[in-house]
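J.: Could you look at this predicted model? Sequence included:
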Amino acid sequence: MKIPTTTRRTLLGAGGFAVAGALGISGPPKSPTRTAHGGSAEELARRFYKAWEQKDWGPFDVLLADDFTFTSANDDDHISKSAFKSNCWETQRDYIHHFDIERLFSQGDEAFVKYLCHTTNGKTFRNVEYVRTRGERVESIECYFGGRSTFPSAVSLGKS
């Protein structure tokens, strides 16, 4: 099978959009950007979602920066790590079975994650989160719900 080739002359003849498009999709996939201490934003985000399955605060305590903040449409405006623990983790952990990460895009110390969360009673919901990292820790998360009531307990209790 012959692989078609494109020359710069052909691309320039096709116009600027063709050049931009070709440049955006050509070349091998890039490896994740490493943070200052060797972890990538992608790896840290994956560890965050995996930690929910353990039902143990210890992995979160190590993973989240001391000045971690969490924001969501559920009246969480840059809440602290301790508020995240009491308002989110302690109230939702028993409803979460696991996450399927459907899309994860990262660059530098940032990642966008789209996931499907499976609850312990077999229901699911989907959200998108923006994750910022610093070193080997998660600095902040902004959660964008699929709907106001798409968090584990609301879905599990039939409030969605």
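T.: Looks like it arrived, so ask away.
J.: following the helix or strand of the chain with the lowest mean pLDDT, which helix or strand comes up?
T.: Here the helix or strand of the chain ranked lowest by mean pLDDT, DSSP states H and E is helix 16-25, holding a mean of 35. As assigned by DSSP states H and E, the chain's next helix or strand after helix 16-25 is helix 41-51.
J.: list the helices and strands that following helix packs on?
T.: Applying 3 or more Cβ pairs under 8 Å, 6 or more residues apart in numbering; DSSP states H and E, one finds that helix 41-51 makes contact with helix 57-63, strand 96-107, strand 110-119, strand 124-134, strand 137-145. C-beta coordinates here come from the backbone N, C-alpha and C atoms, glycine included.
J.: which residues touch the longest one?
T.: With Cβ atoms under 8 Å, 6 or more residues apart in numbering as the contact definition, strand 96-107 has outside contacts at 32-33, 40-42, 45-46, 49-50, 52-53, 111-120, 126, 152.
J.: please redo it, this time with the cut-off set to 10 Å
T.: Identification of contacts with strand 96-107 by Cβ atoms under 10 Å, 6 or more residues apart in numbering yields 30, 32-33, 40-46, 48-50, 52-53, 55, 89, 111-124, 126-128, 131, 133, 151-153, 156.
J.: Who does it pair with, and is each partner parallel or antiparallel?
T.: Strand pairing for strand 96-107, determined by DSSP bridges: strand 110-119 (antiparallel).
J.: So which bits of the strand it pairs with are buried?
T.: By neighbour count on 16 or more other Cβ atoms under 10 Å, the buried set for strand 110-119 is Glu110, Ala111, Phe112, Val113, Lys114, Tyr115, Cys117, His118, Thr119.
J.: so the fourth one makes contact with Val131?
T.: Yes: under the criterion of Cβ atoms under 10 Å, Val113 lies in contact with Val131, with a separation of 6.2 Å.
J.: Please enumerate the shared neighbours of those two.
T.: Residues touching both Val113 and Val131 (Cβ under 10 Å, 6+ apart): Ala41, Glu42, Ala45, Phe48, Tyr49, Leu104, Ser106, Ile141, Cys143.
J.: for the fourth one, what are its contacts?
T.: Under the criterion of Cβ under 10 Å, 6+ apart, the contact partners of Phe48 comprise Pro59, Phe60, Leu63, Leu64, Phe99, Ala111, Val113, Glu129, Val131, Thr133, Val138, Ile141.
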